[in-house]
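Participant: Below is the structure, and that's it, no one-letter string:
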(Lines give C-alpha, C1' and ligand atoms only; values in the text may rest on other atoms or scores of the structure.)
Protein backbone atom coordinates (compact mmCIF):
# COMPACT_ATOMS: atom_id res chain seq x y z
CA UNK A 1 0.00 0.00 0.00
CA UNK A 2 1.28 3.46 -0.88
CA UNK A 3 2.00 5.62 2.16
CA UNK A 4 0.09 8.70 1.03
CA UNK A 5 0.98 10.78 4.09
CA UNK A 6 4.73 10.19 3.71
CA UNK A 7 4.79 10.96 -0.01
CA UNK A 8 2.55 14.01 0.43
CA UNK A 9 4.93 15.33 3.09
CA UNK A 10 7.94 14.87 0.80
CA UNK A 11 6.17 16.57 -2.11
CA UNK A 12 5.14 19.49 0.11
CA UNK A 13 8.65 19.81 1.53
CA UNK A 14 10.18 19.80 -1.95
CA UNK A 15 7.71 22.40 -3.20
CA UNK A 16 8.41 24.79 -0.32
CA UNK A 17 12.15 24.18 -0.62
CA UNK A 18 12.11 25.05 -4.32
CA UNK A 19 10.06 28.18 -3.70
CA UNK A 20 12.29 29.30 -0.82
CA UNK A 21 15.38 28.72 -2.96
CA UNK A 22 14.01 30.92 -5.75
CA UNK A 23 13.18 33.71 -3.30
CA UNK A 24 16.11 33.34 -0.88
CA UNK A 25 17.81 36.61 -1.89
CA UNK A 26 14.62 38.54 -1.12
CA UNK A 27 13.81 36.54 2.01
CA UNK A 28 17.23 37.27 3.48
CA UNK A 29 16.40 41.00 3.44
CA UNK A 30 13.04 40.69 5.21
CA UNK A 31 13.30 42.40 8.62
CA UNK A 32 13.16 40.08 11.64
CA UNK A 33 11.04 41.37 14.50
CA UNK A 34 13.51 40.96 17.31
CA UNK A 35 15.24 43.41 19.67
CA UNK A 36 16.41 41.01 22.39
CA UNK A 37 20.19 40.69 22.57
CA UNK A 38 21.84 37.37 23.42
CA UNK A 39 25.38 37.46 24.77
CA UNK A 40 26.32 34.43 22.71
CA UNK A 41 28.63 33.70 19.81
CA UNK A 42 27.17 31.31 17.25
CA UNK A 43 28.92 29.27 14.57
CA UNK A 44 27.45 27.16 11.80
CA UNK A 45 29.09 25.18 9.01
CA UNK A 46 27.61 24.83 5.55
CA UNK A 47 28.20 24.90 1.81
CA UNK A 48 26.76 26.58 -1.27
CA UNK A 49 24.14 23.83 -1.66
CA UNK A 50 22.90 24.58 1.87
CA UNK A 51 22.26 28.29 1.31
CA UNK A 52 18.44 28.25 1.64
CA UNK A 53 18.59 25.95 4.68
CA UNK A 54 21.27 28.11 6.29
CA UNK A 55 19.26 31.30 5.73
CA UNK A 56 16.14 29.76 7.28
CA UNK A 57 18.12 28.44 10.25
CA UNK A 58 19.77 31.78 11.02
CA UNK A 59 16.50 33.65 10.76
CA UNK A 60 14.82 31.18 13.12
CA UNK A 61 17.65 31.61 15.64
CA UNK A 62 17.39 35.40 15.66
CA UNK A 63 13.59 35.28 15.76
CA UNK A 64 13.32 32.84 18.67
CA UNK A 65 16.55 33.22 20.64
CA UNK A 66 17.70 36.76 20.01
CA UNK A 67 20.45 38.74 18.32
CA UNK A 68 23.80 37.10 19.15
CA UNK A 69 27.09 38.94 19.43
CA UNK A 70 27.97 37.32 16.13
CA UNK A 71 26.62 34.55 13.95
CA UNK A 72 29.49 33.19 11.90
CA UNK A 73 28.82 30.89 8.98
CA UNK A 74 31.86 28.73 8.34
CA UNK A 75 32.04 28.00 4.63
CA UNK A 76 33.44 24.71 3.38
CA UNK A 77 35.03 26.85 0.66
CA UNK A 78 32.20 26.69 -1.87
CA UNK A 79 30.11 29.76 -1.02
CA UNK A 80 30.08 32.29 -3.83
CA UNK A 81 30.37 36.03 -3.27
CA UNK A 82 26.67 36.41 -4.06
CA UNK A 83 25.68 33.76 -1.52
CA UNK A 84 27.92 35.34 1.12
CA UNK A 85 26.14 38.64 0.51
CA UNK A 86 22.75 36.95 0.86
CA UNK A 87 23.76 35.51 4.23
CA UNK A 88 25.15 38.83 5.46
CA UNK A 89 21.93 40.58 4.41
CA UNK A 90 20.02 38.65 7.06
CA UNK A 91 21.37 40.80 9.90
CA UNK A 92 24.53 42.80 10.71
CA UNK A 93 25.53 40.09 13.24
CA UNK A 94 26.01 37.57 10.40
CA UNK A 95 29.39 37.00 8.80
CA UNK A 96 30.82 34.32 6.52
CA UNK A 97 34.37 33.01 6.83
CA UNK A 98 36.21 30.24 5.04
CA UNK A 99 37.15 27.23 7.16
CA UNK A 100 40.82 27.67 6.21
CA UNK A 101 40.80 31.14 7.72
CA UNK A 102 39.74 29.72 11.09
CA UNK A 103 41.79 26.53 11.13
CA UNK A 104 44.92 26.81 13.25
CA UNK A 105 47.91 25.70 11.13
CA UNK A 106 49.37 24.05 14.24
CA UNK A 107 46.67 21.37 14.50
CA UNK A 108 47.77 17.83 13.50
CA UNK A 109 48.72 17.54 9.84
CA UNK A 110 46.52 14.49 9.21
CA UNK A 111 43.43 16.59 9.95
CA UNK A 112 44.33 18.91 7.08
CA UNK A 113 45.03 15.86 4.93
CA UNK A 114 41.50 14.52 5.55
CA UNK A 115 40.03 18.01 5.10
CA UNK A 116 41.76 18.56 1.78
CA UNK A 117 42.22 15.15 0.21
CA UNK A 118 39.69 12.64 1.50
CA UNK A 119 38.01 10.96 -1.51
CA UNK A 120 34.53 11.05 0.06
CA UNK A 121 33.39 14.67 -0.14
CA UNK A 122 30.89 14.60 2.77
CA UNK A 123 33.57 13.09 5.02
CA UNK A 124 36.08 15.68 3.81
CA UNK A 125 33.61 18.42 4.73
CA UNK A 126 33.20 17.07 8.26
CA UNK A 127 36.94 17.29 8.81
CA UNK A 128 36.93 20.86 7.54
CA UNK A 129 34.27 21.57 10.14
CA UNK A 130 36.28 19.87 12.88
CA UNK A 131 39.48 21.72 11.90
CA UNK A 132 37.66 25.04 12.25
CA UNK A 133 35.80 24.23 15.47
CA UNK A 134 38.82 22.90 17.35
CA UNK A 135 40.69 26.10 16.42
CA UNK A 136 38.16 28.50 17.97
CA UNK A 137 39.11 30.61 20.94
CA UNK A 138 36.18 30.27 23.36
CA UNK A 139 36.05 33.39 25.52
CA UNK A 140 32.25 33.76 25.69
CA UNK A 141 29.37 31.27 25.64
CA UNK A 142 29.49 29.73 22.20
CA UNK A 143 26.93 27.69 20.29
CA UNK A 144 27.66 25.47 17.34
CA UNK A 145 24.64 24.60 15.18
CA UNK A 146 24.31 22.69 11.93
CA UNK A 147 22.45 24.48 9.16
CA UNK A 148 19.56 21.98 9.14
CA UNK A 149 18.38 23.00 12.61
CA UNK A 150 15.35 25.20 13.17
CA UNK A 151 14.71 27.07 16.40
CA UNK A 152 11.32 27.46 18.08
CA UNK A 153 9.92 29.75 20.81
CA UNK A 154 11.28 27.50 23.58
CA UNK A 155 14.79 28.38 22.41
CA UNK A 156 14.91 31.25 24.92
CA UNK A 157 16.10 28.39 27.17
CA UNK A 158 19.45 28.75 25.40
CA UNK A 159 19.94 32.20 26.87
CA UNK A 160 19.41 30.80 30.37
CA UNK A 161 21.93 28.01 29.77
CA UNK A 162 24.52 30.33 28.28
CA UNK A 163 24.15 33.04 30.93
CA UNK A 164 24.05 30.67 33.91
CA UNK A 165 27.01 30.25 36.27
CA UNK A 166 27.17 26.59 35.25
CA UNK A 167 30.34 26.25 33.17
CA UNK A 168 29.33 22.87 31.76
CA UNK A 169 29.42 21.93 28.11
CA UNK A 170 26.03 20.84 26.76
CA UNK A 171 25.44 18.37 23.94
CA UNK A 172 22.54 17.14 21.81
CA UNK A 173 21.79 13.45 22.57
CA UNK A 174 21.52 11.44 19.38
CA UNK A 175 18.44 9.35 18.62
CA UNK A 176 20.59 6.37 17.64
CA UNK A 177 24.33 5.58 17.72
CA UNK A 178 26.10 6.87 14.62
CA UNK A 179 29.68 6.29 15.66
CA UNK A 180 32.95 4.85 14.36
CA UNK A 181 33.48 1.80 16.56
CA UNK A 182 37.17 1.58 15.63
CA UNK A 183 37.90 4.29 18.21
CA UNK A 184 35.42 3.14 20.86
CA UNK A 185 37.83 1.12 22.98
CA UNK A 186 35.69 0.45 26.04
CA UNK A 187 32.09 -0.70 26.33
CA UNK A 188 31.29 2.53 28.18
CA UNK A 189 32.51 4.57 25.21
CA UNK A 190 29.34 3.57 23.35
CA UNK A 191 26.94 4.93 25.95
CA UNK A 192 24.92 8.14 25.54
CA UNK A 193 25.69 8.85 21.87
CA UNK A 194 26.31 12.47 20.99
CA UNK A 195 25.06 14.22 17.87
CA UNK A 196 27.69 16.65 16.60
CA UNK A 197 25.13 18.98 15.05
CA UNK A 198 24.55 21.17 18.09
CA UNK A 199 26.39 21.98 21.31
CA UNK A 200 27.12 24.76 23.78
CA UNK A 201 30.67 25.53 24.87
CA UNK A 202 31.89 27.81 27.65
CA UNK A 203 35.47 26.63 27.20
CA UNK A 204 37.31 24.85 24.44
CA UNK A 205 37.22 21.06 24.53
CA UNK A 206 40.25 18.80 24.64
CA UNK A 207 40.07 17.41 21.11
CA UNK A 208 43.50 15.84 21.16
CA UNK A 209 42.73 12.88 23.42
CA UNK A 210 40.13 11.35 21.05
CA UNK A 211 42.14 12.42 18.00
CA UNK A 212 45.04 10.31 19.26
CA UNK A 213 42.77 7.29 18.77
CA UNK A 214 42.03 8.37 15.21
CA UNK A 215 45.73 8.66 14.44
CA UNK A 216 46.44 5.25 16.00
CA UNK A 217 43.50 3.12 14.86
CA UNK A 218 42.02 4.70 11.71
CA UNK A 219 43.49 4.19 8.26
CA UNK A 220 40.83 6.39 6.66
CA UNK A 221 37.91 8.10 8.43
CA UNK A 222 34.31 7.28 7.63
CA UNK A 223 31.47 9.81 7.68
CA UNK A 224 30.87 9.36 11.42
CA UNK A 225 34.50 9.40 12.58
CA UNK A 226 34.47 13.13 13.31
CA UNK A 227 31.15 12.79 15.18
CA UNK A 228 32.80 10.08 17.28
CA UNK A 229 35.62 12.49 18.09
CA UNK A 230 32.98 15.02 19.26
CA UNK A 231 31.23 12.25 21.23
CA UNK A 232 34.41 11.26 23.06
CA UNK A 233 35.52 14.85 23.66
CA UNK A 234 32.13 15.67 25.17
CA UNK A 235 32.11 12.73 27.55
CA UNK A 236 35.75 13.27 28.53
CA UNK A 237 34.64 16.78 29.54
CA UNK A 238 31.65 15.43 31.53
CA UNK A 239 29.33 17.36 29.24
CA UNK A 240 25.64 17.39 30.06
CA UNK A 241 22.84 16.26 27.74
CA UNK A 242 20.28 18.80 26.64
CA UNK A 243 16.69 17.91 27.53
CA UNK A 244 15.46 15.45 24.91
CA UNK A 245 11.89 16.77 25.09
CA UNK A 246 13.01 20.29 24.09
CA UNK A 247 16.04 19.61 21.90
CA UNK A 248 14.69 17.25 19.28
CA UNK A 249 16.47 14.88 16.91
CA UNK A 250 13.91 12.05 16.68
CA UNK A 251 13.04 10.53 13.31
CA UNK A 252 10.14 8.33 14.37
CA UNK A 253 7.71 10.54 12.43
CA UNK A 254 9.57 9.97 9.15
CA UNK A 255 6.75 8.00 7.51
CA UNK A 256 3.77 10.07 8.62
CA UNK A 257 2.57 13.38 7.24
CA UNK A 258 2.81 15.82 10.19
CA UNK A 259 5.83 17.05 12.08
CA UNK A 260 5.07 15.52 15.47
CA UNK A 261 7.57 17.63 17.36
CA UNK A 262 7.21 21.19 16.05
CA UNK A 263 5.66 23.14 18.92
CA UNK A 264 6.09 26.38 20.82
CA UNK A 265 7.62 24.70 23.88
CA UNK A 266 10.57 23.09 22.07
CA UNK A 267 13.90 24.84 21.61
CA UNK A 268 14.99 23.28 18.33
CA UNK A 269 14.71 20.36 16.01
CA UNK A 270 17.61 18.90 14.07
CA UNK A 271 16.08 17.87 10.75
CA UNK A 272 18.54 15.13 9.85
CA UNK A 273 18.36 13.46 6.46
CA UNK A 274 15.47 11.10 7.20
CA UNK A 275 13.15 14.00 8.04
CA UNK A 276 14.82 16.83 6.12
CA UNK A 277 11.68 17.47 4.08
CA UNK A 278 9.84 18.47 7.28
CA UNK A 279 12.34 21.29 7.84
CA UNK A 280 10.38 23.26 5.26
CA UNK A 281 7.08 22.85 7.08
CA UNK A 282 8.37 25.24 9.75
CA UNK A 283 11.01 27.38 8.03
CA UNK A 284 8.81 30.46 7.85
CA UNK A 285 10.29 33.73 6.62
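Facilitator: Yes, it's here. Keep in mind that what you see is a predicted model, and the values were worked out from it rather than measured.
Participant: For residue 65, give me its contacts.
Facilitator: Neighbouring residues of residue 65 by C-beta atoms under 8 Å, 6 or more residues apart in numbering: 38, 40, 151, 155-156, 158-159. (Glycine included, C-beta is placed from N, CA and C.)
Participant: who wins for neighbours among these?
Facilitator: For the contacts of residue 65, the largest number of neighbours (other C-beta atoms under 10 Å) sits with residue 158, at 29 neighbours.
Participant: nearest residue to it other than its sequence neighbours?
Facilitator: residue 65 (5.4 Å; C-beta to C-beta, 6 or more residues apart in numbering).
Participant: quick one on the thing from earlier: which of the contacts of residue 65 fall in helices?
Facilitator: Among the contacts of residue 65, the members falling in helices (DSSP state H) are 158-159.
Participant: count of neighbours near residue 10?
Facilitator: As a burial measure, residue 10 scores 15 neighbours (other C-beta under 10 Å).
Participant: same deal with residue 283?
Facilitator: Going by other C-beta under 10 Å, the residues that sit close to residue 283 add up to 21.
Participant: pretty sure it is in contact with residue 19, am I right?
Facilitator: No - Residue 283 is beyond contact range of residue 19, at 10.3 Å (criterion: C-beta atoms under 8 Å).
Participant: wait, isn't residue 279 in contact with residue 272?
Facilitator: No - between residue 279 and residue 272 there is no contact under C-beta under 8 Å: 9.7 Å.
Participant: Are there residues contacting both of those two? Which ones?
Facilitator: Here residue 279 and residue 272 have residue 148 as joint contacts, going by C-beta under 8 Å, 6+ apart.
Participant: Just want to know which of the two has more residues nearby.
Facilitator: Shown here are residue 279 and residue 272; by other C-beta under 10 Å, residue 279 has more neighbours (26 against 20).
Participant: My reading is that the more buried one lies in a helix. Confirm?
Facilitator: Yes - secondary structure assignment places residue 279 in a helix (DSSP: H, G, I helix; E, B strand; the rest coil).
Participant: Look up how far residue 32 lies from it.
Facilitator: As judged by C-beta to C-beta, to the nearest Å, residue 279 and residue 32 stand 18 Å apart.
Participant: can you give me the strands in this structure?
Facilitator: Per DSSP state E, the chain carries strands over the ranges 37-46, 67-75, 94-98, 142-145, 149-151, 170-173, 194-201, 240-241, 247-248, 268-270.
Participant: okay if I get these as a markdown table plus mean pLDDT and distance to residue 122?
Facilitator: Listed next are the strands of the chain as a markdown table, based on pLDDT from 0 to 100; distance: least, C-beta to C-beta, whole Å:
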| stretch | mean pLDDT | distance to residue 122 |
| --- | --- | --- |
| strand 37-46 | 97 | 12 |
| strand 67-75 | 98 | 16 |
| strand 94-98 | 98 | 18 |
| strand 142-145 | 98 | 18 |
| strand 149-151 | 98 | 18 |
| strand 170-173 | 98 | 19 |
| strand 194-201 | 98 | 13 |
| strand 240-241 | 98 | 26 |
| strand 247-248 | 98 | 23 |
| strand 268-270 | 98 | 17 |
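Participant: Tell me the pLDDT of the residue nearest to residue 158.
Facilitator: pLDDT for residue 65: 98.
Participant: try residue 103
Facilitator: pLDDT recorded at residue 103 is 97.
Participant: For residue 91, which non-adjacent residue is closest in space?
Facilitator: Nearest residue to residue 91 in three dimensions, chain neighbours excluded: residue 62, at 5.9 Å (C-beta to C-beta, 6+ apart).
Participant: Please report how far the one you found lies from residue 206.
Facilitator: 32 Å.
Participant: And the two? Which one has more around it.
Facilitator: Neighbours around residue 62 and residue 206, counted as other C-beta under 10 Å, are more numerous at residue 62. The numbers are 22 against 13.
Participant: those helices in the stretch 1-150 of the chain, which residues are they?
Facilitator: According to DSSP state H, counting those that start in this stretch, the stretch 1-150 of the chain carries its helices in the segments 4-27, 51-64, 81-88, 99-102, 109-117, 121-133.
Participant: In TSV: those, plus distance to residue 212.
Facilitator: Output for these, formatted as TSV (distance: least, C-beta to C-beta, whole Å):
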stretch	distance to residue 212
helix 4-27	41
helix 51-64	33
helix 81-88	36
helix 99-102	22
helix 109-117	11
helix 121-133	14
